[in-house]
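1. sharing a model that was predicted from the sequence below.
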Amino acid sequence: METDFPLRKIIHVDMDAFYASVEELDNPDLKGKAVAVGGSEIRGVVSAANYEARKFGVYSAMSGVLAKKKCPHLVFVRPRFDRYKEISKKVRTIFFQYTDLVEPLSLDEAYLDVTTNKKGNPSATLIAKEIRQRIFDEVGLAASAGISINKFIAKVASDYNKPNGQKTVNPEEVLSFLEDLEIRKFYGVGKVTTEKMYRLGIFTGKDLKTKSLEFLESNFGKSGAYYYHVVRGVHNSAVKPHRTPKSVGAERTFNENLSSEIFMLERLEHIAEELERRLKKSNLAGKTITLKIKYSDFTLNTRSKTVPYFVADKALILETAKELLYQEKLQNSVRLLGISLANLNTEKKKTESKEESVLVQLKFDF
Amino acid sequence: MKFIVSSTYLLKQLQVLGGVINNSNTLPILDNFLFDLKQDKLTVSASDLETTMSSVLDVDSDNEGTIAVPARLLLETLKTFPEQPLTFVVEDNNTVEISSNHGKYALAYADGAEFPKAVELANPSETTILGDILASAINKTIFAAGNDDLRPVMSGVFFQFSPENLTFVATDAHKLVKYQRNDVSASQVAEFIMPKKPLTLLKGILAGSESDVLIEYNDSNAKFTFDNTELICRLIDGKYPNYEAVIPKENPNKLTISRNQFLSSVRRVSIFSNKTTHQIRLKIAGAELNISAEDMDYSNKAEERLTCSYQGDDMQIGFNSRFLTEMLNNLNADEVSLEMSLPNRAGILTPVDGLDEGENVTMLVMPVMLNN
């Protein structure tokens, strides 16, 4: 392995159909039924589906209408994020008994670095097994795990024996594991990239490995280098216990598609309010305001603007959001609006602070 | 060439004219006053090439002649004399001899012909304004003008004349003052940008003056004539920014407060503000204005509360305290109002009282963004 770092032991723990499983846990009547959390038969998007529903081809992020079509007996459940958060917290306390290097990716997955762990257990595989068992005993939910030498392989491996299973990719297996891996299973390769890879004749890790760094960079830009290294087992990203968010946002899908800007303004105000609340909660402010517009045909449009100062204030966010809304004519009726704030004040504070003090004095717009 | 003049009378005039002369000149002749004698009228001029100012003095003489006299030497000498007649006699050896009650002093002079001639204004338009009004127009605006060499137009005061009124505007892109007189007007519409230096001179001379000032102007120069003095200067070339466009139209939040109280609070609190940003924070809720500042680097912090009258939503806005201080200082009102819309939009400061008939002042200040 061409890495200068000592081998790490990384576990990626992924709760199986988390939201849906929590619902089943709290409401045993749902057991055995096809369950979708979020959305409804007429509206909205499925946030999560249990395995029963997945058999019928229902997946998260699918529209409720389509899901119902695929699986007519599907039961829709309203999401209860507070409950998910509560359970997620319980799961995390289990993690912390093994290591402090826990990087939560979302409520239902996390990376753990157990290279050195509180139990002094040299086997990451056994630790993962123990953790999964304890999650099942203490919380009542099934989890899958991937164990390997870096975050990327661990993440991919956790999908391998899902649900309720785990997969260890030992250091000596890493290269062959990656070579055999289908390109669409690579973490970081989505639908669009997969198609592009296919067109370039890349279907597996092995194909990817034959391509030069220059080739990948010229085709995929910055991500090219990532693909080049990752397929060679090189992914040095550390498990970061305190992930600082890169952006904060709020969005809303409407009960009816909106076609008039006047109604949208009203909704934007609510969204801005929610965003302000989230910003205040974590004491954040940002400079780049992005307006997200999803049309009724599901095409997505984002417009953003960067201001020279940090905003966290509802009125200012709304002002820019309005400007972005009016910037271009809407192409269709709108089903979702969102506002997010990036370029947050948490980013490289030290180097910028000097420049900041100069920038904050506003000028007339002559 | 020979003339007799009162020492204090001459000193007084020369001190005013001396303001034109730069400390260091590329053209040595500009270190001189030009003395142009025609019988009992002595015209003294000073110039920096951009601005030329001259005054006509009454002297006792029946000669003619033109000489350039070293300004610094002459001024220093005159300052030491008590009031007395001085006799100036031009000698053959290129010196001018001054005789006082105390003795004699010889200064080398230069040929008056070397002194640059002031431009003649071709086809000027003109308007007349009372000296004191012009002085206060300058006084109210000039502090807001900028010093940025990259935007020379903003380093001057914009004169906007129309048959309805005269408007004077200055801005440095952070603050802006618009001073309007509806009791004075011009025969036709005209606009020009006056540099700061001649305005500072005029402000000094014309404060409290009951004399009329004749302003003549064309595209490149302006000439101010009053009493025995005339000032000709080059205008700043360029297009003045569209200042009307930056005056916010809708300002739902209006604060009315005693100017003195506001000013003293801002002054005190600003002592505790960051030394580079001078940022202070105004927090307005109900009838209370909270002014605060802090300097993170030194853990200095101050906060004051003032009662005010306020209409609008609760808001927080940051300003550079120096701008607010300058602006508040420049108003004569007992009460001022500060109108605002959003924390990133200009605040509009206007006096509630204390204005003359036909006088109008609008001051704008851009906020400093509060980082939390």
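-> Great, that's in hand.
2. can you list the low-confidence ranges for the stretch 201-350 of chain A?
-> Scanning the stretch 201-350 of chain A with the threshold set as pLDDT under 70 gives A:243, A:347-350.
3. spell out which parts of it neighbour chain B.
-> Taking Cβ under 8 Å from any Cβ of the partner chain as the contact definition, the stretch 201-350 of chain A meets chain B at A:283, A:285, A:307, A:309, A:310, A:311, A:312, A:313, A:315, A:316, A:319, A:345. No exception for glycine: its C-beta is placed from N, CA and C like everyone else's.
4. neighbours of the residue nearest to residue A:178 when sequence neighbours are not counted, how many?
-> Closest residue to residue A:178 in three dimensions, ignoring its sequence neighbours and counting by Cβ to Cβ, 6 or more residues apart in numbering or on different chains: residue A:205, at 4.2 Å. Residue A:205: 23 surrounding residues under other Cβ atoms under 10 Å in any protein chain shown.
5. contacts only, for residue A:205.
-> A:178, A:179, A:180, A:181, A:183, A:186, A:231 (Cβ atoms under 8 Å, 6 or more residues apart in numbering or on different chains).
6. just checking, the fourth one touches residue A:204?
-> Yes: with contact defined as Cβ atoms under 8 Å, residue A:181 reaches residue A:204; the gap is 6.5 Å.
7. which non-adjacent residue is nearest the residue in the stretch 251-372 of chain B that chain A sits nearest to?
-> Relative to chain A, the nearest point of the stretch 251-372 of chain B is residue B:369 (3.5 Å; Cβ to the nearest Cβ). Spatial nearest neighbour of residue B:369, excluding adjacent residues (Cβ to Cβ, 6+ apart): residue A:309 at 3.5 Å.
8. where along chain A do the helices fall?
-> In chain A, the segments counted as helices under DSSP state H are A:18-26, A:51-55, A:64-70, A:81-96, A:124-138, A:151-158, A:174-180, A:191-199, A:205-210, A:213-220, A:222-230, A:261-281, A:314-327, A:349-359.
9. winner for burial among the ones you listed?
-> helix A:151-158 (a mean of 25; mean count of other Cβ atoms under 10 Å in any protein chain shown).
10. ok, and what's touching it?
-> Applying Cβ under 8 Å, 6+ apart, the contact partners of helix A:151-158 are A:10-14, A:109, A:111, A:144-148, A:166-169, A:174, A:177-178, A:181, A:185-188, A:230, A:233, A:235, A:237, A:239.
11. so how do I select the buried members of these in PyMOL?
-> One line in PyMOL is enough to select the buried members of these, burial here meaning 16 or more other Cβ atoms under 10 Å in any protein chain shown:
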select buried, chain A and resi 10+11+12+13+14+109+111+144+145+146+147+148+166+167+168+169+174+177+178+181+186+187+230+233+235+239
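12. next step: the contacts of helix A:151-158 restricted to strands.
-> Mapping these onto strands (DSSP state E) picks out A:10-14, A:109, A:111, A:144-148, A:166-168.
13. the residues you listed: which two are farthest apart?
-> The span of the ones in strands among the contacts of helix A:151-158, defined through Cβ to Cβ, is set by A:109 and A:168 at 17.4 Å.
14. give me the element residue B:87 is part of.
-> Applying DSSP states H and E as the criterion places residue B:87 in strand B:85-90.
15. list the buried ones in the following helix or strand past that strand?
-> Using DSSP H and E, the next helix or strand after strand B:85-90 towards the C-terminus is strand B:95-99. For strand B:95-99, burial by neighbour count (16+ other Cβ under 10 Å) applies to B:96, B:98.
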